[in-house]
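Asker: Sequence first, then the predicted structure:
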Amino acid sequence: LREGGFRGEFWGGPDLCALPFRALAGEPGSWCFGGEAQPDPHFAREYRKIAGAKPGPFAWPAYLGAKTLLEAMKEAGKGGKISREGVWLHLLSGEH
């Protein structure tokens, strides 16, 4: 696609983070944050118990994203007052 002139963004599953895709496309997918492509077995079992079905392709990345955000909120609120700026700064720090 790139060789043919396509300049758009690539969207898709966690596999877009893989090095072979980057070598072909020149960049990861827009939403890709580098998480593991497959959920851990415990997550999949618990998800199945709650939802009655196996996790879809976005369940694991959504879980990781929510977990990261909740941790950032917890850390940002340690001083007694939580703010969006504090959460953002914690996310930018890479300490999660």
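Answerer: Okay, I see it. What you are looking at is a predicted structure, and each value in this text was computed from that prediction instead of being measured.
Asker: Quick check: the gap between K78 and V87.
Answerer: 12 Å (CB to CB, to the nearest Å). Just so you know, the C-beta spots here come from the backbone N, C-alpha and C atoms, and that holds for glycine as well.
Asker: Am I right that R48 is in contact with A59?
Answerer: No: taking CB atoms under 8 Å as the definition, R48 is not a contact partner of A59, at 10.4 Å.
Asker: buried stuff in the helix or strand containing L92?
Answerer: Element membership for L92 (DSSP states H and E) is helix 84-93. Using 16 or more other CB atoms under 10 Å as the test for burial, helix 84-93 gives 86-87, 90-91.
Asker: Give me the contacts around that helix.
Answerer: 68-69, 72-73, 75-77, 79, 96 (CB atoms under 8 Å, 6 or more residues apart in numbering).
Asker: Out of those residues, which end up buried?
Answerer: 72, 75-76.
Asker: List just the nearest of those residues to G8.
Answerer: A72 (30.4 Å; CB to CB).
Asker: ok, and the closest non-adjacent residue to that closest one?
Answerer: Once flanking residues are discounted, A72 sits nearest to H90: 4.3 Å by CB to CB, 6 or more residues apart in numbering.
Asker: Repeat that for M73.
Answerer: Closest to M73 by CB to CB, 6+ apart is V87, at 5.5 Å.
Asker: Could you check the pLDDT of the one you found?
Answerer: pLDDT for V87: 91.
Asker: rewinding a little: spatially, which two of the contacts of helix 84-93 are the most separated?
Answerer: Pairwise over the contacts of helix 84-93, using CB to CB, the maximum falls at T68 and G79, 19.7 Å.
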